[in-house]
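Novice: Quick check, what structure comes out for this input:
(2 chains)
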Amino acid sequence: MPIDQIEVLLAMSLVRAIGGWVRNLTRELRDFTDYTDSPRRYKRLRRNMILMGVVGTTLPLIFLGYFNYHQFQRAMKAELVQPLRILVNRTKHSFELFLTERLSALSFIASAYSWEELADEKGLHRIFQVMKKELGGFVDIGLINGRGVQVNYVGPYDLKGKDYSDQAWFQEVKVRGRYVSEVFMGYRKFPHFVIAVERQTDHGEWWVLRATVDTEKFNNLIASMGLTQTTDAFVVNRQGVLQTPSKYYGKVMEQCPFVLPPPSQVPMVVETEDAFGREVLLGYTYSDFPGFILMVVQPRAEMLGAWFTLRNELFVLFAGSLGVIYLVLYRVTGLLVRRIQESDLRREAAHREMQYTSKLASIGRLAAGVAHEINNPMAIIAEKAGLMRDLLEKDPEFIHREKFLALTSSILQSVDRVKNITHRLLGFARRMDVQFELLSLNEVVQEVLTFLEKEAFHRSIHLELDLAPDLPQIYSDKGQLQQVFLNILNNAFEAVPDGGRVSVRTWKEGAEWVAVAVEDNGKGMSEEVMRHIFEPFFTTKKGYGTGLGLSITYGIVTRLGGKIQVKSKEGVGTTFTVILPLIAPQKEGSRDGAM
Amino acid sequence: MEPCKVLLVDDEEEFVSTLAERLRLRDIVAEVALNGEQALKAVEERPPHVVVLDVLLPGMGGLEVLRRIRDSHPQVQVILLTGRGSDEEARKGMALGAVDYLVKPVHLEELIAKIRKASPCQARETL
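Specialist: From the prediction side, this is the model:
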């Protein structure tokens, strides 16, 4: 079937187009590993996955649905159309039988009786009575001689002597030997038709026997078809004039509103629209002799009701499956992409942390190297200046003695300052090394504060210290603790405005713990921010924060067996409290740095 | 009591010679060696009371020099000079028989105090 070919072609071209598209998509998916962290990429990934899933599932479903639909439609139609066809055929035969029966009866009478017998008025009357009784439907009967004059007549009208010679049917019966008229009203004023047969006398003179049949019988035939309420059946002639009354399309002798279908001896069913615009199934067949067309009209909606139900069910099934597929696709891709995103983030976090630690390690090495290198010339400067001072003190006569003494002590003070700096640098380098020792938390805090004194001074930040004098020494890692307090104090300094206040307090917490609290009166944090501050890469310092400070701090405090707490109120300030055990648990592999 | 005889061993000549001069101003007999070989030779020829020995020496290391001095002249006391952050070296040196150690850069007064503590000789802490 051509439809099938078109479908196959369509399917093939679609498959080709989709194939190309899917190739593009898979390429995009394969190249996805390129490292950028824009969220748009995940959205696109998800969109592509969904699209692929949708195409991969929807297309086969659509094809399946389409073919099923047509297959079902064909089967259903055949099943519905067949009974209509049989009905039409059967009724056609009934009509033909009815007509042939009447014609045969007339033919039989014409053959069985001689001209003389039929010309006898009484005899014809008797014959007519038998016909009416046995066969029914006859209205009248008449005998016409070869010149077209009705010589004998039995019936309700006075038609004896009527001349038919100039009428078309009279000529036709002379040629064909028999004749069946179409239905007409005539002067009898009711629908009827005429049948006639031609005979010849022994002398070669021909004559015609003519009878009129009431169409009342047609209605009985149609009634016997057992049609439903909405179904209409009627007969039209070849000009489309109704020969029997129709329920919807007019009375007898009116023009039937349907365009006459192409002639067919076998019953056919076509889909068409009637005069009221209704979709109908038109079953019809042409009868050859006498020339009439039997039509059965059935509204399509009624006919195909079952099909529509099935179609709706099919559609609901189709839509339902699509819905389920899309929901599953949506959920699964969402989950998948989120997993990918999380794993990307984790990988990135690990990567950055690694970079950060190795960076710190190199800075540590560099600092240690610089400190050592600077120490040697500083030692020389210190000794030279010391010698100068020694010599000056030995020589009270020297004119610029006081001035030079001041100069040398200034040099020595500067050397001390440099010594402090190199000391701190070495301390920073050593921070990379995990070294547990007995230490004073107060000292650690004070050392860290030396880094920040300058900033506090320039920004006139009030540093308040409340360090417990009886704080017990703890066994912990000095370098790591320095980093912890440096991070926390840095944050405090960033939070406060110039002239703000940062206070540090230490105390003994129970028998086993010591605590340090760093409080500022800065801008504080929202609940939301507080929930995230210990997460790696969470930062409020847009542009310059790594988001690592507090996560590292948290990691260190946890490794040293301590706890870190934060209290904050927006616009009021923040308090970080670090609680440390007197003896930190020592674990293998607790080193933070690579030195 | 005779004045302290001290041998200063350090590869930084400017540093060690200035330090020696400052010690001499305080009536300490100070001699200088710039490496391990010189130091061993000086100890052999003129044994001092105290050797102030830098741990980080080119060639023969400070600890090796210390070991040899302790072997050949057990009466000579050795004070180690270490850089900051090399506590490990100092610990080893003490184990090898050094009497004390100082972290560079040194304060002169501290050095003299340690010398006096190490050996019963005469040294002034002030000019």
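
Novice: C-alpha only now, for contacts and for neighbours.
Specialist: OK.

Novice: just the helices in the chain please.
Specialist: Since you didn't name a chain, this refers to chain A. Secondary structure of chain A (DSSP state H): helices at A:2-30, A:39-112, A:115-119, A:121-134, A:168-176, A:216-223, A:300-303, A:305-394, A:401-431, A:441-458, A:478-495, A:527-532, A:549-559.

Novice: try chain B instead
Specialist: Going by DSSP H, chain B shows helices at B:13-24, B:36-45, B:62-72, B:87-95, B:108-118.

Novice: Residue 73: neighbouring residues, count only.
Specialist: Since no chain was named, I'll use chain A. When neighbours are defined as other CA atoms under 10 Å in any protein chain shown, residue A:73 has 17 of them.

Novice: ah, I was thinking of chain B
Specialist: 14.

Novice: That one and residue B:95, how far apart?
Specialist: Noted for residue B:73: a distance of 17 Å to residue B:95, by CA to CA, to the nearest Å.

Novice: between the helices of chain A, which gets nearest to chain B?
Specialist: helix A:305-394 (4.6 Å; CA to the nearest CA).

Novice: Does the closest one pack against any helices or strands, and if so which?
Specialist: The elements that helix A:305-394 packs onto, with contact taken as 3 or more CA pairs under 8 Å, 6 or more residues apart in numbering or on different chains; DSSP states H and E, are helix A:39-112, helix A:401-431, helix B:13-24.

Novice: what's the most buried one of those?
Specialist: When neighbours are counted by mean count of other CA atoms under 10 Å in any protein chain shown, the highest per-stretch mean among these falls to helix B:13-24, a mean of 20.

Novice: Which strands or helices does that helix pack on?
Specialist: The contact analysis (3+ CA pairs under 8 Å, 6+ apart) places helix B:13-24 against helix A:305-394, strand B:5-9, strand B:29-33.

Novice: Report the contact partners of the residue sitting nearest the centre point of chain B.
Specialist: Ranked by distance to the mean C-alpha position of chain B (CA atoms, centre = their mean), the top residue is residue B:52 at 0.7 Å. Neighbour list for residue B:52: B:6-9, B:78-81 [criterion: CA atoms under 8 Å, 6 or more residues apart in numbering or on different chains].

Novice: same question, residue A:185
Specialist: Taking CA under 8 Å, 6+ apart, one finds A:191-192, A:253 in contact with residue A:185.

Novice: For residue B:59, what are phi and psi?
Specialist: The phi and psi values for residue B:59, taken as degrees, to the nearest 10, are phi 70, psi -130.

Novice: isn't it right next to residue B:35, touching?
Specialist: Yes. With contact defined as CA atoms under 8 Å, residue B:59 counts as touching residue B:35 (7.4 Å).

Novice: which other residues reach stretch A:228-241?
Specialist: Under the criterion CA under 8 Å, 6+ apart, external residues in contact with stretch A:228-241 comprise A:182, A:222, A:242-248, A:252-256, A:258-260, A:291-299.

Novice: repeat for stretch A:252-264
Specialist: Counting by CA under 8 Å, 6+ apart, the neighbours of stretch A:252-264 from elsewhere in the structure are A:183-185, A:191, A:236, A:240-246, A:249-250, A:274-275, A:285-286.

Novice: Find the nearest non-adjacent residue to residue A:561, please.
Specialist: residue A:584 (5.6 Å; CA to CA, 6 or more residues apart in numbering or on different chains).

Novice: Return the distance of the one you found relative to residue A:576.
Specialist: As judged by CA to CA, residue A:584 and residue A:576 stand 20 Å apart.

Novice: Next: residue A:399.
Specialist: Taking CA to CA as the measure, residue A:399 and residue A:576 are separated by 59 Å.

Novice: ok, now which ones touch the residue lying closest to residue A:438 once chain neighbours are set aside?
Specialist: The spatially closest residue to residue A:438, leaving aside those adjacent along the chain, is residue A:475, at 4.4 Å (CA to CA, 6+ apart). For residue A:475, the residues meeting the contact criterion (CA under 8 Å, 6+ apart) are A:436-439, A:582-584.

Novice: Which single one of those residues is nearest to chain B?
Specialist: Sorting these by how near they are to chain B, with CA to the nearest CA, puts residue A:437 at the top with 13.4 Å.

Novice: and residue A:399 and residue A:576? which has more neighbours close in?
Specialist: Taking neighbours as other CA under 10 Å, residue A:399 and residue A:576 compare with residue A:576 leading, 21 against 9.

Novice: isn't that one right up against residue A:518?
Specialist: Yes. Counting by CA under 8 Å, a contact exists between residue A:576 and residue A:518, whose distance comes to 5.3 Å.

Novice: Now the common contact residues for those two.
Specialist: Both residue A:576 and residue A:518 are in contact with residue A:488, where contact means CA under 8 Å, 6+ apart.

Novice: beta partners of the residue nearest to the centre of chain B?
Specialist: When bridges are taken as DSSP bridges, the partners of residue B:52 come out as residue B:8, residue B:79.

Novice: By mean pLDDT, point me to the weakest helix or strand of the chain.
Specialist: In the absence of a named chain, chain A is used. Of all helical and strand segments in chain A, the minimum by mean pLDDT, DSSP states H and E falls on helix A:300-303, at a mean of 69.

Novice: actually it's chain B I care about, not the one you picked
Specialist: Among the secondary structure pieces of chain B, namely its helices and strands, helix B:87-95 has the lowest mean (mean pLDDT, DSSP H and E), a mean of 82.

Novice: Counting neighbours, which bits of that one end up buried?
Specialist: Applying a neighbour-count criterion of 16 or more other CA atoms under 10 Å in any protein chain shown, one finds B:89-90, B:93-94 buried in helix B:87-95.

Novice: tally of neighbours for residue A:262?
Specialist: Around residue A:262 there are 9 other residues, counting by other CA under 10 Å.

Novice: Just the pLDDT at it, thanks.
Specialist: pLDDT recorded at residue A:262 is 87.

Novice: can you check the one 5 residues further on too?
Specialist: pLDDT, the model's per-residue confidence, is 88 for residue A:267.

Novice: Also residue B:41?
Specialist: Reported pLDDT for residue B:41: 94.

Novice: ditto for the one 10 residues further on
Specialist: On pLDDT, residue B:51 comes in at 94.

Novice: who touches it in this structure?
Specialist: Taking CA under 8 Å, 6+ apart as the definition, contacts of residue B:51 comprise B:6-9, B:76-79.

Novice: Next, format those as a markdown table and append neighbour count, distance to residue A:21 and pLDDT.
Specialist: Supplementary listing: the contacts of residue B:51 in a markdown table, determined by neighbours: other CA atoms under 10 Å in any protein chain shown; distance: CA to CA, whole Å; pLDDT from 0 to 100:
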| residue | neighbour count | distance to residue A:21 | pLDDT |
| --- | --- | --- | --- |
| B:6 | 25 | 90 | 94 |
| B:7 | 24 | 87 | 95 |
| B:8 | 22 | 84 | 94 |
| B:9 | 28 | 81 | 94 |
| B:76 | 19 | 90 | 92 |
| B:77 | 23 | 88 | 92 |
| B:78 | 28 | 84 | 93 |
| B:79 | 25 | 82 | 93 |
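
Novice: then stretch A:412-424 to PDB, C-alphas only?
Specialist: Only the C-alpha atoms of stretch A:412-424 are listed here, as PDB (Å, rounded to 0.1, in the frame of the first residue of the first chain):
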ATOM      1  CA  LEU A 412      71.700  46.800  67.500                       C
ATOM      2  CA  GLN A 413      68.000  47.500  68.000                       C
ATOM      3  CA  SER A 414      67.300  47.200  64.300                       C
ATOM      4  CA  VAL A 415      69.200  44.000  64.300                       C
ATOM      5  CA  ASP A 416      67.000  42.800  67.100                       C
ATOM      6  CA  ARG A 417      63.900  43.700  65.000                       C
ATOM      7  CA  VAL A 418      65.200  41.700  62.000                       C
ATOM      8  CA  LYS A 419      65.900  38.800  64.400                       C
ATOM      9  CA  ASN A 420      62.300  38.900  65.400                       C
ATOM     10  CA  ILE A 421      61.200  38.800  61.800                       C
ATOM     11  CA  THR A 422      63.400  35.900  60.900                       C
ATOM     12  CA  HIS A 423      62.300  34.200  64.100                       C
ATOM     13  CA  ARG A 424      58.700  34.400  62.900                       C
END
